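**Q** Starting from these lines, generate the structure:
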Amino acid sequence: MEKVKPYIDQHKARFMNELFDIIRIPSISSIASHKPDILKMANHYRESLLKAGVDHAEVMPSKGNPVVYAEKIIDPKLPTVLVYAHYDVMPVDPVELWTSPPFEPEIRDGLIYARGADDDKGQGFMHVKAFETLVKTNNLKVNVKFMIEGEEEIGSVSLGAFCDEHKEMLKADIILVSDTGMIARDIPSITVGLRGLAYWQVEVTGPNRDLHSGLFGGGVANPINMLSKMIASMTDENNRITMPGFYDDVLEATAEEREKLNKAPFSLNEYQKAIDVEEVAGEKGFTTIERTGIRPSFDVCGIWGGYTGEGAKTVLPSKAYAKISARLVPNQHHEKVAEMFETHFTNIAPKSVKVKVESLHGGQAYVCPIDLPAYRAAEKAYIKTYGKTPIPTRSGGSIPIISTFEDKLGIKTILMGFGLESDAIHSPNENFRVENFYNGIHTISWFYHYFAEELK
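**A** Sure thing, here's the model as predicted:
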């Protein structure tokens with residue numbers, strides 16, 4: 001293993017150039033016109049894995065976008081690690097807020113700026129390079145499989161069926177994922193919990209056509225006004241969600257768990273400064289760390305309707321729309337919550353409008369035990385790179401497929417993230433620290449070494 005760091009150092013420039021090559025492919029899964037880019041990206045990943053040293057790699061069909069599968073089986077008797085990543089990315093709008101073109105990666109002040117720089121091309125590609133490093137230095141002591149999908153940003157809608165269909169092929173001892181983050185640049189952490197997700201689009205219809213707001217205003221319900229009132233009623237003065245039965249299945253954290261969670265390094269002042277807000281908000285009685293880690297939440301992700309062009313148009317719109325999400329915690333089932341929301345949101349609508357609710361996607365919360373051999377291996381690997389024991393944390397984000405893996409494949413997942421809160425994933429000017437890209441390759445390489453030792 002003494003050859004690992006020198007190999008990474010020797011090939012740093014090539015690793016970065018290869019990362020830039022995959023970033024330049026605009027593999028946006030939510031926009032149909034990017035379908036050719038999705039296929040191009042999948043094939044590019046396949047070629048990258050073959051060059052890294054896998055014995056077999058193919059682009060496999062699913063019910064949606066293809067899945068890249070690859071493997072290197074040294075000895076069927078040895079432990080097997082299944083690496084999961086995704087090659088699709090979020091849309092780039094509003095593009096005018098980007099300092100540099102989103103698919104032309106650029107390094108500024110030690111940061112890679114581009115869509116997918118962190119989520120998940122930068123973090124996913126670390127695994128390809130860590131694998132290559134171990135193969136080329138003759139240090140790979142476990143079997144490795146790769147499953148890289150193209151629908152994570154739209155809810156991994158086809159991957160559950162893919163797992164059902166290929167259970168034997170995907171057998172492994174642990175699933176390894178880098179799609180999360182660290183507490184801070186110099187404070188490594190391992191994500192041991194993810195919130196679940198339920199996501200809807202709602203449509204509110206008033207009159208059968210757009211109307212003149214002078215002739216009809218005050219006499220006909222405005223769908224945008226009604227939708228706004230309905231959304232406002234979804235939380236109370238304490239920022240608790242008002243949907244009947246919503247909290248029935250919430251797994252409440254114990255006082256001891258809350259105390260441990262709040263021991264993580266966190267500066268409320270720095271948090272507020274980083275996102276330029278004077279005051280935080282959320283459910284009364286909980287800290288910011290608790291609100292984003294162990295409590296459910298309700299948010300409007302987008303809202304539109306009527307005239308939004310330049311200048312004025314006095315119109316009373318026929319329709320209004322919103323995209324709405326709820327982050328869920330352990331024991332809350334996303335399908336149950338989805339049905340609950342549809343019933344409630346329809347019931348609170350006045351008779352002056354009609355409501356349509358469409359459930360777009362969802363997923364369960366996930367918790368990883370810290371006594372797993374893979375957790376111990378990850379802990380040692382972070383210590384090797386950072387000289388510090390990583391802190392177990394719960395992320396407010398969701399990776400819906402992680403709970404599906406446990407359900408479909410019966411395999412636990414270890415989440416070794418290297419992103420930072422400042423990376424602006426899903427936003428304009430997404431970035432990933434160059435230092436974290438190389439540290440990730442180094443840490444993941446050592447994970448394999450320690451995981452093999454743990455399972456001897």
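**Q** tell me the domain boundaries of this protein?
**A** The chain breaks down into these domains under automatic domain parsing: 4-194+365-454, 196-250+296-363.
**Q** hey, which of those domains is tucked in deepest?
**A** Mean neighbours per residue, mean count of other C-beta atoms under 10 Å, is largest over the domains of the chain for domain 4-194+365-454, with a mean of 20. Where you see a C-beta, it was placed from the backbone N, CA and C, and this is true even at glycine.
**Q** Start and end of it, how far apart?
**A** 20 Å (C-alpha to C-alpha, to the nearest Å).
**Q** swap in stretch 90-97?
**A** 15 Å.
**Q** Contacts for the helix or strand residue 112 falls within next, please.
**A** According to DSSP states H and E, residue 112 maps onto strand 111-113. For strand 111-113, contacts defined as C-beta atoms under 8 Å, 6 or more residues apart in numbering pick out 19, 23, 99-100, 105-107, 122, 429-434, 437.
**Q** Then stretch 381-391?
**A** So stretch 381-391 is contacted by 182-183, 186-190, 264-265, 378-379, 416, 439, 442-447, 449-450 (C-beta under 8 Å, 6+ apart).
**Q** Over to stretch 431-441?
**A** 8, 12, 15-16, 19, 107, 110-114, 117-118, 122-123, 126, 129-130, 133, 178, 182, 185, 385-386, 416, 418-420, 422-424.
**Q** In helices, which of those fall?
**A** Using DSSP state H, the subset of these located in helices is 8, 12, 15-16, 19, 122-123, 126, 129-130, 133, 385-386.
**Q** any idea of the mean pLDDT for the strand holding residue 112?
**A** What strand 111-113 shows for mean pLDDT is 98.
**Q** What segments of the stretch 151-300 of the chain are helices?
**A** 159-165, 213-216, 223-232, 255-261, 268-275, 288-293 (DSSP state H, counting those that start in this stretch).
**Q** looking at the ones you listed, which one has the lowest mean pLDDT?
**A** Minimum mean pLDDT among the helices of the stretch 151-300 of the chain: helix 255-261, a mean of 87.
**Q** Could you list every helix and strand that that helix packs against?
**A** Under the contact criterion of 3 or more C-beta pairs under 8 Å, 6 or more residues apart in numbering; DSSP states H and E, helix 255-261 touches helix 288-293.
**Q** how about low-confidence regions in the stretch 351-456 of the chain?
**A** Within the stretch 351-456 of the chain, no stretch has pLDDT under 70.
**Q** show me where it has strands.
**A** With strands called from DSSP state E, counting those that start in this stretch, the stretch 351-456 of the chain shows them at 354-363, 366-367, 391-395, 413-415, 431-433.
**Q** how about JSON lines for those, with distance to residue 374 added?
**A** Output for the strands of the stretch 351-456 of the chain, formatted as JSON lines (distance: least, C-beta to C-beta, whole Å):
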{"stretch": "strand 354-363", "distance to residue 374": "21"}
{"stretch": "strand 366-367", "distance to residue 374": "14"}
{"stretch": "strand 391-395", "distance to residue 374": "13"}
{"stretch": "strand 413-415", "distance to residue 374": "4"}
{"stretch": "strand 431-433", "distance to residue 374": "24"}
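**Q** Of all the domains of the chain, which one is nearest residue 290?
**A** domain 4-194+365-454 (9.2 Å; C-beta to C-beta).
**Q** thinking again about what came up before, I'd like to know which of the strands of the stretch 351-456 of the chain lies nearest to residue 272.
**A** Per C-beta to C-beta, nearest to residue 272 of the strands of the stretch 351-456 of the chain: strand 391-395, 19.5 Å.
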